[in-house]
Structures are given as structure tokens and as C-alpha cells.
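Everything below, folded, please.
(chains A and B)
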2 protein chains.
Amino acid sequence: MQLLETTFWSAGGSRHGMAERLGFSKSKANTLIAGLIEQGLLAESGLQESSGGRRAENLQLHSGLGVLIGVDVGATSLDVAVLRPDLTPLAQHAEAADVRQGPGVVLARVRTLMRELLAQCGFGAKDVLGIGVGVPGPVNFAIGQLVNPPLMPAWDSFSIRDYLREEYVAPVFVDNDVNLMALGELWRLRRSLSNFLVIKVGTGIGCGIVCHGEVYRGAAGSAGDVGHICVDQEGPRCHCGNVGCVEAMAAGPAITRMAIEAANAGESVALATCLREKGRIDAIDVGEASRAGDAAANGIIQRAGNLIGQMLASVVNFFNPSHVFIGGGITRIGPLFLAAVRQSVYQRSLALSTRHLEIQYTPLGTQGGVIGAGVLALHETLKVRGVAP
Amino acid sequence: MQLLETTFWSAGGSRHGMAERLGFSKSKANTLIAGLIEQGLLAESGLQESSGGRRAENLQLHSGLGVLIGVDVGATSLDVAVLRPDLTPLAQHAEAADVRQGPGVVLARVRTLMRELLAQCGFGAKDVLGIGVGVPGPVNFAIGQLVNPPLMPAWDSFSIRDYLREEYVAPVFVDNDVNLMALGELWRLRRSLSNFLVIKVGTGIGCGIVCHGEVYRGAAGSAGDVGHICVDQEGPRCHCGNVGCVEAMAAGPAITRMAIEAANAGESVALATCLREKGRIDAIDVGEASRAGDAAANGIIQRAGNLIGQMLASVVNFFNPSHVFIGGGITRIGPLFLAAVRQSVYQRSLALSTRHLEIQYTPLGTQGGVIGAGVLALHETLKVRGVAP
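Now for the predicted structure:
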């Protein structure tokens, strides 16, 4: 149903605006809208600012449709949110987690959090319209299962969908976490950009691709697996078996490894102090040391940014996106990382590809995952119900 | 006009088949078809094999629509063909050329060839429905001009469209040569594949991208510019200013350079003989020496194939295509090159991306360029005439 789809992507609008956008006549639009209102799918909420003449009603997805649940399972984090059909969060929760504990432990926690968050805002299992789940590995989207996930082997072929459906009648949709970030950005941008990338840098490195205005998943669902692009033929061996993968050299664990080496080699007082006091160093600590002027920390961030920029330069030459949004844990490391990425890309990519290219941190920040999961849940639910294309 | 579009992409079919494919009722389809036949756009040609019952007419684009001209300007070659609306070549010609002579010289020759080929099959300028031109550089598709083409600086911002329009009223469409090869494959495949790549290896290296069933040109029209992806940080300097670009290390001129080095170093009798007798060595000579068992020639081909495979591994990880078709002059070098490309890709790409990946030489061969130019000409002409979407 084009009309419902347009209302969703445009986050509401007037009857007149909708009809215009879809090239429908006023009478055709009015008939369709009346039908959707009768079915309880659309609602007229208040009055829109008018440019003169009759005031137009603002159409929105009906809040009585129910609520959405967005789940973002990261390698080391877990985010769950209850959202309205217009993606406003009603309740949400974030905590540290370890995906390697396996689906039994992690999803039991997800189920508890879902129950608690629903109760917090006065809803129950029957009010849930759809559930979206993002996971940090390659997903067969059609069946909602992970396929050979390198970071989480215990999840291979586990049916997240069946597990969560024990408690909910609502449909469950599972996708790669970065695809959901891309879907979230597409929603935030009201689909105003057609060709862009979202790069997530955390424990691993992945890429969400938007092509011709749609999330692109590839022939086997593994598109965007940029973490294992080679940036150094003489580089260290990666867990995938190859050498010089950008993920092995520049993601979170590599930053930690470089920081520990710098601390132990006496190259950085700040990092050595951190290691002694906390017993560990993570990317945020390196970011803090860098902001305090630590030269070794600066060097590590620049090296990671340059390597990721080098990978990105290949991808930009190939895909020529208009925007690259960088998200994931790395964004908390500060602006120096972004500058290093930009430097590498602008140096290594062709002029025509970078002339209008924007590289920035993703504006949705850590919210991107659950928002994207909510978008997936609503969009796919409307589709299976036969009311969205 | 969906119906015309479907007739074109499916290379004809029965009324019933068309209606079914488009989800139209029989009566709606019949009304639309009658209109298109009246406008002289569709024709009923003969009778289709029937599976019983009434025999169905075979619908095709009307041959009276006129002819198409496909032009494929390569860096060192020129192909021109006159084609029927169903892309059957009526007359064609191929010759060596040097694109660096500039648009004045090359396009004057194109104009002469167009006139001669039309005359050969009994047509004149007024019978031309549309003209498609492929060029070996980045094109601003909307205005039909090359933008900073590295191989052909004299063509920058030259209006190929205006030049050819002096003699023809038919619309002229210009695109990158590899995009046209991709369009040609899409037509050959009757759009049965949605996500694939066409790599052209000749003087340069370029890539045509098909995504969601459409040729993807990128945000600035430079998508697929894979020739300047870095495969060796310590590699030689490329004309683009960077080091280790795959084009500088593995395209035609690099193969020639390696062959001359091998000949001069006394590593290959076959290559030395070729150099002495012909005064030069090209990729085809290296292919011949290799097929005759020359170890140095084998080594050169393997090295070029491995480097291109290394670049392709990055692209396959990112894009996860179902097929990669390799075309351009390199295909005449023989099967060893293809084997070396495959070896690198299967070794360097992720298992999920390569599980069902097919890498092969493009079945359209050297015809791909002019066929693609014909597809572009017809498709875009129907569009500007308002009868295709």
C-alpha cells in the first residue's frame, strides 16, 4: 500500500501532500485514506500548519496499531527499546553484554528486558505489532538466521525468530546490525538520500549499503562485509584466516592491542597509568588520552583512522556514495579519528568520487540500532499484513 | 509504459504472457496492446508455439520504429553497429583507433562509419530511432559529457551529443563503456539476475554495477571506478598520482611492460622472439606464448590475474554479487588469466560471499559494447518519448 508506505517514510503529512507525492487525484486519495482510517491503520492527528485556506489534517500511522520492539545485539552490548509506530521511544535500556555467551543466555536476557520495558509503559505482549532484531554477523534475511557468524559461532543457524515467538504473536524480523543502522538513517533522512553507506566500527567493522533508495543486502545477504578487506599484504593474520584484514588492524581490539603495546613500551604515561589503574585499556581510554594531548594515543587513533580510510577509499571508488556515516563504539573516540579517515579517503579516492562526498559520524548515534530495528519491524510487518509493498 | 518495457526486456512474448507478467487482466492488456499497435510501437509477428488451445500472437517491438546505432569507443578500438529494435545487428564494423587523438578526429570517423553502415543496410539518417555511445571514462550521464577522463583528457566536457546531433534528429545518449556492457548483459539475461558486476580489463580497468536489477551509476556517476583501488602500498606510481593502483599493475600496458622486461632479461625465448619480430608485445602475444607453454608468460598472466582478483576480492566482500563477468581485450589472453582471478577471489573473499559466486568471461564478448549502446539508445529513447518508465 503506497499510501501507508509514504505516510511512514515521510513521518506524516497532509492529505493533499500525500496525494501530490503519489500522483493520486484528491478524490482517489480521500477514498484510500478513508479506507485506511476505517481499518485502524491511519489516524488524523490534530491540524497541520496551513499556508492559507482550509486547514489540512495531519495524517499519521494510527497509534492504536500497537508498539514496536527494537533489539540491537552488539558484540559487547545490548540495547532494547519499545517504540511507537512513529519510532518515538517509549522506554529503552542499554547494558554491556557478551554475545559469545550464546543465544540461550543473551536472548533470555532480551526476553526479560522486553517484558520489563513493555510493563514500564503499560503494555503487554499482545500490544506488540512487530519485533526487529539486529545482530553483529551475516544474516540470511529470508529465514532470520545467522550464517557462519565469525564473532558468535554459537549462534550459527539458531532461530532467533522461533525463540522470541514463544512469547509473542507479533512477527519477528532479524537482520545484520549495520543494515539496521542503514535503515535507521534512511528513515531519519526521510529517504532524501538514495546512495549512501553506514560504517560501524566496534569489535568488528561492517558496512550498511543504501542503493537506489533501498537497503542492499547482496546476492547471499553478506553485502557490506568490509571488515575483511585487505589493507596490508604484510599485515597480521586475522581470525578469518587471511592476513592484513582491516578489522584485525584497526577495530576496537586492535586499538586496545596497540595501546597496551605503547603502555608497556613506555611510550605513553597516560596509557600506562590507565592500564595500571583499570587493568585494561579500551578505545574510549585511548580517546581520552588523545584529547589530553598524549602523542602515542594520537598516533594510534591516526593509524586506525588511516587504515579504515584506506579500506573506505576502495569502497568509495567502487560505489561512489554521496555520504558515509560512521557509527559504533569508535565514535566515542573523538574527532581525530574522523579526520584521519577523511584524510585517507580524500588522498586515495578519485577526485570525481570525493568532490561532493560527506564523511561524518552517524547523527543517530547509539540510537541507530534500535531505531533501525523498529523501522524493520514496522515496515516488514505492514508488508506481511499486505498493506505495504 | 510497463508493457513496452516488458516486451523489450523479455524480447517479445505472447499477449497472455505479457498480461500475466504484469499482473494485468486480459481485457486491460488487450486494450493497451491495441493502442500500442495503433501507435506503431508494437507488432504481432507470426504465431508463437502454443501449448494447446488457441495459438497466441507473438508481440514484438515494431520493426518500423526505425534502427538503432550503437557506438563503442574504446581506448584503442572503435566499434559501430546498426541494430534492429530487438538488438539484432544489421551491419557492423570494428577497427583499431586511438582515443587520445581527441573527439574531433575520432567522432568524425564515427560519423563516417555510421553513414556507411546505414547505407549498407538501406537506411538513412531519418530512419534512426536512437543513438547510444560508450566511452572509456567517467560520464555525467544527464548531460552526456565526459568528466576529467584520465585516458582521454582532450574529451573533457566535449558534447558528443551535440556533435552527433548535427546529422541526426534522433536522440543521442552517452555513457561509460562498462556501464553499457552491464546494460548489454542485463538485456542478454532478460533481467534474470539482479545483482552482478561486469569488469572490463583493457588499457584501463573499470566495473559496471547492476544493483536491484538496474545499472547503478553512483552519486556523481563515477561508480565502478575500480582501476585505482590500491593492491600494493609499495607498488609503482600510477598516472592518477597514487601508488599501487591495480590498473597500473595489471591492465594491458602493465602486461606489455612485464613481457618486455621478461624478454630483455632473457627469461623467455617466445617473448624475445615476438619483440624482435614485431617490435612490440601486447597481451594477446603473452597469451599465445603462455598457451605454447612459456613459463615467463604464464607467470605474467598469473600475476596480473592475481592482482585483479585481489581487487575483486575487496569488491566482492563489499557488494556480494551473484556473478562477475569479465570482458575487454584481456579475454583474448586465454583461460589461465580467469583461473588466476578466481584463485585470488576465492582465497581472499569471505566464504559466504563466494559460496554461489560465478566468475566468467562475458558471454557477449566484444559485442557487449555495441549491444549495450543499442539497449541504452532504445530504452532512453522510449523514455524521452514518454512510452517507457
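
could you give the mean pLDDT of the helix or strand containing residue A:111?
Assigned by DSSP states H and E, residue A:111 belongs to helix A:103-120. Mean pLDDT, helix A:103-120: 96.

ok, then the element right after it?
In N-to-C order, the element after helix A:103-120 by DSSP H and E is strand A:128-135.

in its sheet, what does the following helix or strand past that next one sit against?
Using DSSP H and E, the helix or strand that follows strand A:128-135 in sequence is strand A:139-140. Using DSSP bridges, the strands paired with strand A:139-140 are strand A:145-146 (antiparallel).

okay, the helix or strand just after the strand it pairs with in PDB with CA atoms only?
Per DSSP H and E, the first helix or strand lying C-terminal to strand A:145-146 is helix A:160-165. The C-alpha coordinates for helix A:160-165 follow below in PDB (Å, rounded to 0.1, in the frame of the first residue of the first chain):
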ATOM      1  CA  ILE A 160      16.000 -16.100  16.900                       C
ATOM      2  CA  ARG A 161      12.600 -15.800  15.400                       C
ATOM      3  CA  ASP A 162      11.200 -19.000  16.800                       C
ATOM      4  CA  TYR A 163      12.700 -18.300  20.200                       C
ATOM      5  CA  LEU A 164      11.100 -14.900  20.600                       C
ATOM      6  CA  ARG A 165       7.800 -16.000  19.100                       C
END
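
on contacts alone, who are the packing partners of helix A:160-165?
Applying 3 or more Cβ pairs under 8 Å, 6 or more residues apart in numbering or on different chains; DSSP states H and E, one finds that helix A:160-165 contacts helix A:103-120, strand A:128-135, strand A:145-146, strand A:172-176. Backbone N, C-alpha and C define where each C-beta goes, glycine included.

and the second one, anywhere near chain B?
No. With Cβ under 8 Å from any Cβ of the partner chain as the measure, strand A:128-135 is seen stopping short of chain B, the closest distance being 14.4 Å.

That strand vs helix A:103-120, what angle?
Strand A:128-135 runs at 140 degrees relative to helix A:103-120, counting by axes from the mean of the first three to the mean of the last three Cα atoms, to 10 degrees.

all strands of the stretch 251-389 of chain A, in order?
A:323-327, A:358-361 (DSSP state E, counting those that start in this stretch).

Rebuild these as a markdown table, extending it with mean pLDDT.
Below are these laid out as a markdown table (pLDDT from 0 to 100):
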| stretch | mean pLDDT |
| --- | --- |
| strand A:323-327 | 97 |
| strand A:358-361 | 96 |
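
Which stretch among those strands is buried most, on average?
Scoring those by mean neighbour count under mean count of other Cβ atoms under 10 Å in any protein chain shown gives strand A:323-327 as the most buried, with a mean of 23.

who does it pair up with?
Using DSSP bridges, the strands paired with strand A:323-327 in its sheet are strand A:196-201 (parallel), strand A:358-361 (parallel).

Could you check how far it is from the centre of its chain?
Between the centre of strand A:323-327 and the centre of its chain there are 11 Å (Cα atoms, centre = their mean, to the nearest Å).

Contacts for that strand, please.
Residues from elsewhere that reach strand A:323-327, judged by Cβ atoms under 8 Å, 6 or more residues apart in numbering or on different chains: A:181, A:185, A:193, A:196-201, A:312, A:316, A:338, A:341, A:345, A:357-365, A:368.

For the residues you listed, which PyMOL command selects only the ones that are buried?
The PyMOL selection below is limited to those of those classed as buried (16 or more other Cβ atoms under 10 Å in any protein chain shown):
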select buried, chain A and resi 181+185+193+196+197+198+199+200+201+312+316+338+341+345+357+359+361+362+364+368
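
circling back: present the helices and strands packed on helix A:160-165 as a markdown table; the columns should include mean neighbour count.
Listed next are the helices and strands packed on helix A:160-165 as a markdown table, based on neighbours: other Cβ atoms under 10 Å in any protein chain shown:
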| stretch | mean neighbour count |
| --- | --- |
| helix A:103-120 | 17 |
| strand A:128-135 | 26 |
| strand A:145-146 | 22 |
| strand A:172-176 | 25 |
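
Can you convert these into JSON lines and add a column each for distance to residue A:9?
Shown next, in JSON lines, are these (distance: least, Cβ to Cβ, whole Å):
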{"stretch": "helix A:103-120", "distance to residue A:9": "26"}
{"stretch": "strand A:128-135", "distance to residue A:9": "16"}
{"stretch": "strand A:145-146", "distance to residue A:9": "28"}
{"stretch": "strand A:172-176", "distance to residue A:9": "17"}
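
Please report how far the residue most central in space within chain A lies from residue B:14.
Closest to where the C-alpha atoms of chain A average out (Cα atoms, centre = their mean) is residue A:181, at 1.7 Å. Distance, residue A:181 to residue B:14, using Cβ to Cβ, to the nearest Å: 46 Å.

how about residue A:65, phi and psi?
phi -60, psi -30 (degrees, to the nearest 10).

can you dump the C-alpha coordinates of stretch A:28-41 into PDB?
Below are the C-alpha coordinates for stretch A:28-41, written out as PDB (Å, rounded to 0.1, in the frame of the first residue of the first chain):
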ATOM      1  CA  LYS A  28      -8.700   8.800  -5.100                       C
ATOM      2  CA  ALA A  29      -6.500   9.800  -2.100                       C
ATOM      3  CA  ASN A  30      -9.600  10.600   0.000                       C
ATOM      4  CA  THR A  31     -11.200   7.200  -0.700                       C
ATOM      5  CA  LEU A  32      -8.000   5.400   0.100                       C
ATOM      6  CA  ILE A  33      -7.400   7.400   3.200                       C
ATOM      7  CA  ALA A  34     -11.000   6.800   4.400                       C
ATOM      8  CA  GLY A  35     -10.400   3.000   4.000                       C
ATOM      9  CA  LEU A  36      -7.100   3.000   5.900                       C
ATOM     10  CA  ILE A  37      -8.700   5.100   8.700                       C
ATOM     11  CA  GLU A  38     -11.600   2.600   8.900                       C
ATOM     12  CA  GLN A  39      -9.100  -0.300   9.100                       C
ATOM     13  CA  GLY A  40      -7.400   1.500  12.000                       C
ATOM     14  CA  LEU A  41      -4.100   1.900  10.200                       C
END
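
mean confidence for that stretch?
For stretch A:28-41, the mean pLDDT works out to 75.

Help me see whether the longest helix seen in chain A makes contact with chain B, please.
If you go by DSSP state H, chain A has its longest helix at helix A:295-319. Yes. Helix A:295-319 reaches chain B (Cβ under 8 Å from any Cβ) through A:310, A:311, A:313, A:314, A:315, A:317, A:318, A:319.

Could you list the low-confidence segments of the stretch 251-389 of chain A?
Regions of the stretch 251-389 of chain A meeting the criterion pLDDT under 70 cover residues A:386-389.
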